Each structure stands twice: as structure tokens, then as C-alpha cells.
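Q: here is my input; please provide its structure:
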Amino acid sequence: MLRDITIENYRLFEKFQIEGLTQVNLLVGANNSGKSSLLEAIYLLVNHEDRTALSNIIDNRFVLKSRLRRDREDESSNIFPVSTLFRGYKPRKDYHITLSSQKDQQMSLKFNFIESKPKRNDRGVGVSLQFTSGERKFDNSFDLDELFVPWYREKYQVEKPKVNKHLVTADRLDQQSITNLWEQIILTSKEDTVLEILRTLEPNLERIALINQTTPGMSVLIKIKDNEVPIPLGSMGDGMYRIFALALSLVNCENGALFVDEIDTGLHYKALIKMWRLVIETAKRLNVQVFVTTHSWDCLTAFHQALTETSATDLGSVFRLERKDDQIKYVSYSGDKLAVAIDHDIEVR
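A: Numbering: from 1, shown residues only. Modelled structure (predicted):
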């Protein structure tokens, strides 16, 4: 389990260290305080063996689709998306992003641009990921085209390794991702857990099935009690689809980590308490470390209530990030300190 992380030159962070990470971590703060960037940095560090973690992060920031698919002769079309990861958007070959942890898991990941041998239309610009953990070391270097361009990745068979660490964003999971995750749990107790979590929004849910159909919103069907006709999950609203993606990702992270950006999107306060209770219980049972962001006071109070109801106050912490003079600072709340903050309506968002 990750207990700390030090971040250098990543997005908003010049040098930032956070300690006291627990099993379930809620990151709060104002807009542009660094919540999502911290979530990403931890995701990249624990996914050091998965090069597509980088493209996932960049794609989620809406810069990849718009810039990368332009004229491939324009060098900036490939360099720009990766540049957004660097503080100030001005990376150099001697300028590193460094992510490291020194507590329970001692490891370090360095990331920078390098010169690479041109392959066909590639322009000789690459990325180096240097990972160190004790005596274990590796240098994973690759061309930018291998990371981003779909046809190039298929041609050179750049494969994503099987991982138990998943990122859930405000966007819907694509159908292929849902299918892959579902196939890992079908007819197991983890499928039952997904159904239990979905019932926080629809108590009459009986069954769920995936069908091979390309029509958007029709790939996932659910069976409601006393209703003979199955209905598309998408017809139940964004909240239902969102919690399905959350539950499906969570149970596929056994002995790993789950990352959720804006967990409360589309969810009512009463559903948030039930959702948090099941997330905490499932994370404990499957040994999943959870990192979540939110802007919502309701989500924060629901988190605290769920921790109290499950007698798991030692499993969860809240970290409030704030930006002052171009530096990011944080305050942590857990146990009695979190209870006092909630009871006295202290602004911890």
C-alpha cells in the first residue's frame, strides 16, 4: 500500500510531498488546486509498467484527441500532449518529472523526452520511463507514435499489460473496456458485489448482462423485478452508468488500486452514503487502495458517515489541497480530526 508520494515538475507541482495515505483517500480542494493532478501522479507511479497509462491521462484531459490526429508532419502534434504533463509545459531532454515513494513501497519513476531512432514516419522523439524499486530497475523507452497513434500501436503490437489498477473519469467507459472488465468477473462473487453496489440506486435490480451490439447504450442490459423486458443500463441515467463503471472497476482491482475523478458525478446524497459504505467494505475485503476526488460537501459528509457506520475510521482520510503563491499545500483529516471538522462545518473542501 502506498503511504506517501513526492512529486517533482508534474503539472502544477514544482515539488510536493504528501504523507499519511490510507486505504481510502478522498482528495478535496478548490478548482485548480491540484486534486486531479495528484490523482494522476499516483496513478502513473503505481502503473509504471503500463505505458498506456500516459495516454489514458492525456486523453482524459481532452488534449490528445484534438491535437494528436492533425497532420503527422507537424512535430508539435505529438510533443504537445506530452508537454502538458510537465510543469510550465516546457519540457527539455534534461528536465525530468520525478514521482517517488519512500515509506512502505520504496520506488521512483523518472520521465523525460529523449532522442529516438526514427521509424518510418516517426520524427525521432521519444519518451523514457526510468523505474527503480530496491534492486529492481528498468528503463522503458519508446517513440511517441507508439504511445498515441492508434494505427501505429496496432502495427507494432504495443500491448497493454493486464493490470489491477484502474482509472475512472467523468467520461463513460467505452464498450470494449466494460466488456474486458466484465469478462474477468462473470459468474463469480465479484459479479454479486457489482449488483449489490448498483442496488444502491435501483433496489429492484435483479440481473445484468452484456450483449454484442454496437448501438450506443445498448451493450449493457439490466433486469428489474416484475418487469419482463430487460432495459438498457443507459436509460437509467448517468448516475446508474457511473456507479456501474465504479463498481466494475473496483472489483477488478483486487490487491491493486482504484482511481476515481469526481466520484459524486450524477449521484444523490442518500445514494452517496450507501455507495461509500460498499466501496469501503469492498476495498477492505479485496485489499484495494482507493484514491478519489470531489468538490462536493455532500460527498465529503457521506464519506465520513460511511466510515463511522462501518467502524472503519482508521481506513479513510481526507486531504485538502490549496494553492498559495504558485505552490500546492495540503491539510489532512482523519479519525477524530475529520469528525470535528464535519461537526463544526469547517471548510475542508
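Q: could you list the buried residues of stretch 163-179?
A: For stretch 163-179, burial by neighbour count (16 or more other Cβ atoms under 10 Å) applies to 163-169, 172-173, 175, 178. The C-beta positions use only the backbone N, C-alpha and C, and glycine is treated the same way.
Q: specify which member of these is nearest to F303.
A: V168 (16.3 Å; Cβ to Cβ).
Q: ok, the closest one - contacts?
A: The contact partners of V168, taken as Cβ atoms under 8 Å, 6 or more residues apart in numbering, are 245-246, 249, 258-261.
Q: how about the helices in the chain?
A: In the chain, the helices defined using DSSP state H lie at 35-46, 52-60, 64-68, 76-83, 144-148, 150-155, 175-183, 189-198, 238-251, 269-286, 297-309, 335-343.
Q: for the third one, what is the average pLDDT?
A: In other words, helix 64-68. Averaged over helix 64-68, pLDDT sits at 47.
Q: ok, the longest one next?
A: When pLDDT is averaged over helix 269-286, the result is 93.
Q: export the buried residues of stretch 163-179 to TSV and tack on pLDDT and distance to G34?
A: Output for the buried residues of stretch 163-179, formatted as TSV (pLDDT from 0 to 100; distance: Cβ to Cβ, whole Å):
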residue	pLDDT	distance to G34
V163	71	25
N164	92	26
K165	94	21
H166	94	22
L167	94	17
V168	92	19
T169	87	17
R172	78	25
L173	82	25
Q175	82	32
I178	89	30
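Q: Y330: which of those residues is nearest?
A: Nearest to Y330 out of the buried residues of stretch 163-179 is L167 (Cβ to Cβ; 21.0 Å).
Q: who does the closest one form a beta bridge with?
A: F259 (DSSP bridges).
Q: what do you get for L99?
A: For L99, the beta-bridge partners under DSSP bridges are I7, L109.
Q: how much space separates it from Y89?
A: Look at L99 and Y89: by Cβ to Cβ, to the nearest Å, they are 18 Å apart.
Q: which of those two has more neighbours?
A: Neighbour count, other Cβ atoms under 10 Å: between L99 and Y89, L99 has more, with 25 against 11.
Q: surely the more buried one meets I5?
A: Yes. Between L99 and I5 there is a contact at 6.5 Å, judged by Cβ atoms under 8 Å.
Q: shared neighbours of those two, anything?
A: Common neighbours of L99 and I5 (Cβ under 8 Å, 6+ apart) are 41-42, 45.
Q: got JSON lines for these, with pLDDT and neighbour count too?
A: Output for the shared contacts of L99 and I5, formatted as JSON lines (pLDDT from 0 to 100; neighbours: other Cβ atoms under 10 Å):
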{"residue": "A41", "pLDDT": "97", "neighbour count": "25"}
{"residue": "I42", "pLDDT": "97", "neighbour count": "24"}
{"residue": "L45", "pLDDT": "95", "neighbour count": "23"}
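Q: for T265, state which of the residues you listed is nearest.
A: I42 (20.0 Å).
Q: dump the residue contacts of the closest one.
A: For I42, the contact set (Cβ under 8 Å, 6+ apart) comprises 2, 5, 99, 257, 259, 291.
Q: next, the contact list for the third one, please.
A: Taking Cβ under 8 Å, 6+ apart, we find L99 in contact with 5-8, 10, 41-42, 44-45, 108-109, 111.
Q: and it, how far from D261?
A: From L99 over to D261 the distance is 18 Å, taken as Cβ to Cβ.
Q: and what of the second one?
A: Here the distance between I5 and D261 works out to 17 Å (Cβ to Cβ).
Q: what about the closest residue to L246 other than its chain neighbours, distance to R242?
A: Residue nearest to L246 in three dimensions, not counting chain neighbours: V168, with 5.7 Å by Cβ to Cβ, 6 or more residues apart in numbering. V168 sits 8 Å away from R242, taking Cβ to Cβ as the criterion.
Q: cool, and V251?
A: Per Cβ to Cβ, V251 is found 16 Å from R242.
Q: likewise L221?
A: In terms of Cβ to Cβ, L221 sits 17 Å off from R242.
Q: quick one: which of these two has more around it?
A: More crowded of L221 and R242, by other Cβ under 10 Å: R242, with 24 against 18.
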